[in-house]
Every structure is written in C-alpha cells, then in structure tokens.
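> Pasting a predicted model and its sequence here:
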Amino acid sequence: MLGERDEDVFEKKPVEKRRLGEPTGAFKGAAWGSLLIGVASYLIGLYNATMELNEKGYYITLLILGLYAAVSLQKAVRDRDEGIRVTNLYFGISWFALIAALALMAIGLFNAGSITLSEKGFYGISFVLSLFAVVTVQKNVRDTEEANQDK
C-alpha cells in the first residue's frame, strides 16, 4: 500500500456521460425535492389549519389549478420558442389560468380572517415554491426526453 501510486489505490468509477441538453441528476433532484417540499408544506399546513372545510377545499383547488396552469403555460411558451405551433387561444387561456390562480390566492389570503399573517405568508411562499418547482420539473422531464431521443 505504501508506495503504490494513487491511481492504483483508488479505483475510479466509470463516469456516465451526460447527453447534450440533459439536466444533471443534482438539478433534477433539487427540482423534485422543491416540488415535494412545497406541495407537502402547503398540504400539511392546510391539514393542521383551523379553517372550515370549504376554505380548505378552496386552497387545495387553487394549488391544483396553479400547478396545472404553470406547467401548461411553460409548455406553451417553450413550444412557441421552438417553433411548435400553439394557438393564440390556448396561449391566452394558459396565461389567464395562471394569473387567475395567483390573483385568487392573493385575494383569498388577503380576505382570510381566520388565519394569522404568518400563516398567510406560509401559504403564499409554499404556493409560489410549488409553482416554480413544477415548471422546473416539467422542463427537466422534457429536456431529458429530448436528450434520450437524440441517442
């Protein structure tokens, strides 16, 4: 052992080459982790909240609408950027859905009398984190698929 060269002592793991345009495993993991943390925090907060069931349903519905709208808009924007045809109607509906989800969340939190200001901030931050993370996850999935097709 003493006197052996470093490369003889430490075996090197084979490095798998990443394809052009494919996100790193760390970036994919961070995106999925952010999405899980954001959605789980939001849902755990709602589960423990003292608000009525109809209020909880409102906030769960907003989360679902927001996640779908964010993914839909991201896909429409990217498709247009890549020259894939996206109708103006679909593009407009995607923007409207995302803006509506954000506005309804802001209005709901502003008018919520049953929760404290810190809880309002918690819901707002976990909602925005979830929206950002779902866009990143969708982008990673699409980039990975495209990289795998180019094999």
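Sure thing, it's come through. Numbers count the residues shown, from 1 in each chain.

> and A70, helix, strand or coil?
When classified by DSSP: H, G, I helix; E, B strand; the rest coil, A70 comes out as helix.

> and the nearest residue to I60 once chain neighbours are set aside, how many residues sit next to it?
Nearest in space to I60, with sequence neighbours left out and distances taken as CB to CB, 6 or more residues apart in numbering, is L46 at 6.5 Å. All C-beta spots, glycine's among them, are computed from the backbone N, C-alpha and C. By other CB atoms under 10 Å, 18 other residues sit near L46.

> And T24, by the same measure?
The burial count for T24: 10, using other CB under 10 Å.

> on that earlier part again, quickly find the element holding the residue nearest to I60.
helix 25-48 (DSSP states H and E).

> Tell me what angle the longest helix along the chain forms with helix 25-48.
For the chain, the helix with the greatest residue count under DSSP state H is helix 117-149. Using axes from the mean of the first three to the mean of the last three CA atoms, to 10 degrees, one finds that helix 117-149 and helix 25-48 are set 150 degrees apart in direction.

> And helix 117-149, how far out from the chain middle?
1 Å (CA atoms, centre = their mean, to the nearest Å).

> Does anything pack onto it? Which helices or strands?
helix 25-48, helix 53-81, helix 88-111 (3 or more CB pairs under 8 Å, 6 or more residues apart in numbering; DSSP states H and E).

> For the last one, give the mean pLDDT please.
Averaging the model's pLDDT scores along helix 88-111 yields 96.

> Summarise which helices and strands it is packed against.
With contacts taken as 3+ CB pairs under 8 Å, 6+ apart, helix 88-111 sits against helix 53-81, helix 117-149.

> average pLDDT for the longest one?
The average pLDDT for helix 117-149 rounds to 93.
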